[in-house]
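*Asks:* have a look at this fold, sequence not included:
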């Protein structure tokens, strides 16, 4: 539990708001700053998408969570994107990977 009795899910959802630096350890943020711009961008996209998928997958009501198949498909799409597959720049089945297309 976090301050105010928040669960990890609630804490991340309340603090994230598209800002990776608000929920990721500062040492990881610093390490990403030392990378070339294209690697830094890929890191930002990957971390943001994993946070968003984590928020979706840990919703309190099971019926609002994505299926395991949808989550696995999104992880596969993210993996392909990180491996340089530009066909993976569309959007995920959950609609959370839209920021990948911004490259």
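*Replies:* Looks like it came in fine. Only a predicted model underlies this, so the values are computations on that prediction, with no experimental measurement involved.
*Asks:* determine the longest helix present in this protein.
*Replies:* Looking only at the chain and at elements set by DSSP state H, the helix with the highest residue count is helix 37-57.
*Asks:* against which helices or strands is it packed?
*Replies:* On a contact count with 3 or more CB pairs under 8 Å, 6 or more residues apart in numbering; DSSP states H and E, helix 37-57 meets helix 8-15, helix 26-33, helix 68-82. From N, CA and C alone the C-beta is placed, and that goes for glycine too.
*Asks:* quick one: which of these is nearest residue 53?
*Replies:* Residue 53 lies closest, by CB to CB, to one member of these: helix 68-82, at 5.9 Å.
*Asks:* how far off helix 37-57 does the closest one point, in degrees?
*Replies:* Between the direction of helix 68-82 and that of helix 37-57, the angle (axes from the mean of the first three to the mean of the last three CA atoms, to 10 degrees) works out to 170 degrees.
*Asks:* center of this protein - which residue?
*Replies:* A centroid search over the chain (CA atoms, centre = their mean) returns residue 49, at 2.1 Å, as the residue closest to the centre.
*Asks:* thinking again about what came up before, measure how far the longest helix of the chain is from the centre of its chain, please.
*Replies:* Centre-to-centre, helix 37-57 and its host chain are 4 Å apart (CA atoms, centre = their mean, to the nearest Å).
*Asks:* how far out from the middle of the chain is stretch 15-32?
*Replies:* Mean C-alpha position of stretch 15-32 versus that of the full chain (CA atoms, centre = their mean) differs by 11 Å.
*Asks:* now do the end-to-end distance for it.
*Replies:* In terms of CA to CA, to the nearest Å, the two terminal residues of stretch 15-32 are separated by 20 Å.
*Asks:* residues making contact with it?
*Replies:* Residues from elsewhere that reach stretch 15-32, judged by CB atoms under 8 Å, 6 or more residues apart in numbering: 11, 12, 40, 43, 44, 47, 48, 51, 55.
*Asks:* what about the residue lying closest to the second one once chain neighbours are set aside, distance to residue 64?
*Replies:* Nearest residue to residue 12 in three dimensions, chain neighbours excluded: residue 23, at 5.2 Å (CB to CB, 6 or more residues apart in numbering). Separation of residue 23 from residue 64 (CB to CB, to the nearest Å) stands at 21 Å.
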